[in-house]
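>>> fold the following for me, if possible:
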Amino acid sequence: MDSRVLQTQKWLNDTYGNVANFPKVDEDGITGNSTFHALIYALQIEIGVENPDGIFGKDTLRKCPTLRAGLLPSSEVPRNIIYILQGSLWCKGISPGGFTGVFGPLTANAISEFQTAAGITADKVVYPYVLQGIMNTDSYSFQSTEDIYDTYRNATALDTSTKLTLEDAIAIKQKNYTDVGRYLTNASSNGLDKALSLDEMEILIAVGLNVFPIFQTIGNKVSYFTAQQGLADGLAAKEAAQKFGFPPSATIYFCVDYDVLMADIEGNILPWVCRKSWDLIIPLPDILLPKTCLIVFVLTNTPRQRLLVDLLPHMIMVPRYLPANSAISLKWLKYIMEMVRHINLN
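Numbers count the residues shown, from 1 in each chain. Alright, predicted model coming up:
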């Protein structure tokens, strides 16, 4: 039992216990997910997140203030945020020297200790992403690559949903940007014309800007992300990228545009981006096949005939076994050929 963790837990319950839906914590002095969940929920209340959920997502990150030493508590709101910061440090196993609600030298030293352990610049400033790291209960790591985490650095890349004119492109280039992200297609519902055009592509290249492709139709809620949708999005993005002349090696950036829960990643996001989407259409074989070719064949004399496809990248299609009495239909054969056509196979 940690007395400072216990103090944090008591403060949370005393301060927010009467707030509707606030997740009260067990006052046991033991750090756990429930305590950090309550700390994040409290932070969301203080910074005005519309629907607090105890998850440090994009909306929380956007509204989170930057905290520095010497911040004087002019009202209950900033002081409570410092309490939340100090409580999070105690729960992380780092001593801020007390539980005072004041960002003093000892709290600043604790921030420096965390930043050093995380491998980022130890400037004692709590940027929103730093607080997110402190309050994160999952496995995490920061890696400092030059000034990658310096949010005040000059950017060299941007993305936009606005069609760019020659004047726009020149202005962007003059501001020392080198890369521009543009959408391959329009959204499917809102009517916004955000898609890159061939003329625009030529303009951007002509002024010396690199273009990286982005794909998003909706993608703003968890129900969108399914394996079937991932397959459809992948094929649509590939077709659009080919139209603009992007090489096969180009990276297409697919958007997940909502506050993602950890459970969403395993249940929705990964199936959306993985080759598992193929499995839902045609199951992989139950036996290990030679992984030297793409194999399409039919097992006959079984209770139900199944088409088995080894969908591995960089393979060629070989009709290994298609018996004359096979029940495979022309419709299925055409369907498979269409799938193969969309895969980069030589």
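>>> what sits up against the helix or strand harbouring Gln9?
Using DSSP states H and E, Gln9 maps to helix 3-16. Here helix 3-16 makes contact (Cβ atoms under 8 Å, 6 or more residues apart in numbering) with 22, 24-31, 35, 38-39, 41-42, 45, 80, 83, 86-87, 90-91, 95, 99. Glycine gets a C-beta too; all of them are placed from N, C-alpha and C.
>>> if you set the cut-off to 7 Å instead, what comes out?
22, 24-25, 27, 29-31, 35, 38-39, 42, 45, 80, 83, 87, 90-91, 99 (Cβ atoms under 7 Å, 6 or more residues apart in numbering).
>>> hmm, who's touching stretch 169-184?
Stretch 169-184 is contacted by residues 154, 156-161, 194-196, 203-204, 207-216, 237, 240-241, 253 when judged by Cβ under 7 Å, 6+ apart.
>>> quick one: buried residues of that stretch?
Of all the residues in stretch 169-184, those buried under the rule 16 or more other Cβ atoms under 10 Å are 169-170, 172, 177, 180-184.
>>> which ones among the residues you listed lie within helices?
Using DSSP state H, the members of the buried residues of stretch 169-184 that fall within helices are 169-170, 172.
>>> hmm, back to that, just the buried ones among the contacts of helix 3-16, please.
Buried among the contacts of helix 3-16 by 16+ other Cβ under 10 Å: 22, 25, 27, 29, 31, 35, 38-39, 42, 45, 80, 83, 87, 90-91, 99.
>>> list the ones among the contacts of helix 3-16 that fall in helices.
Going by DSSP H, the helices hold 35, 38-39, 42, 45, 80, 83, 87, 90-91 from the contacts of helix 3-16.
>>> widest-spaced pair of the residues you listed?
The largest separation in those, counting by Cβ to Cβ, is between Ile45 and Trp90 at 19.7 Å.
>>> quick one: the helices in the stretch 151-300 of the chain?
166-174, 198-206, 227-243, 262-264, 270-273, 276-281 (DSSP state H, counting those that start in this stretch).
>>> let's have those helices in a markdown table, adding mean pLDDT and distance to Thr8.
Output for these, formatted as a markdown table (pLDDT from 0 to 100; distance: least, Cβ to Cβ, whole Å):
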| stretch | mean pLDDT | distance to Thr8 |
| --- | --- | --- |
| helix 166-174 | 95 | 47 |
| helix 198-206 | 94 | 51 |
| helix 227-243 | 88 | 41 |
| helix 262-264 | 79 | 23 |
| helix 270-273 | 78 | 34 |
| helix 276-281 | 48 | 41 |
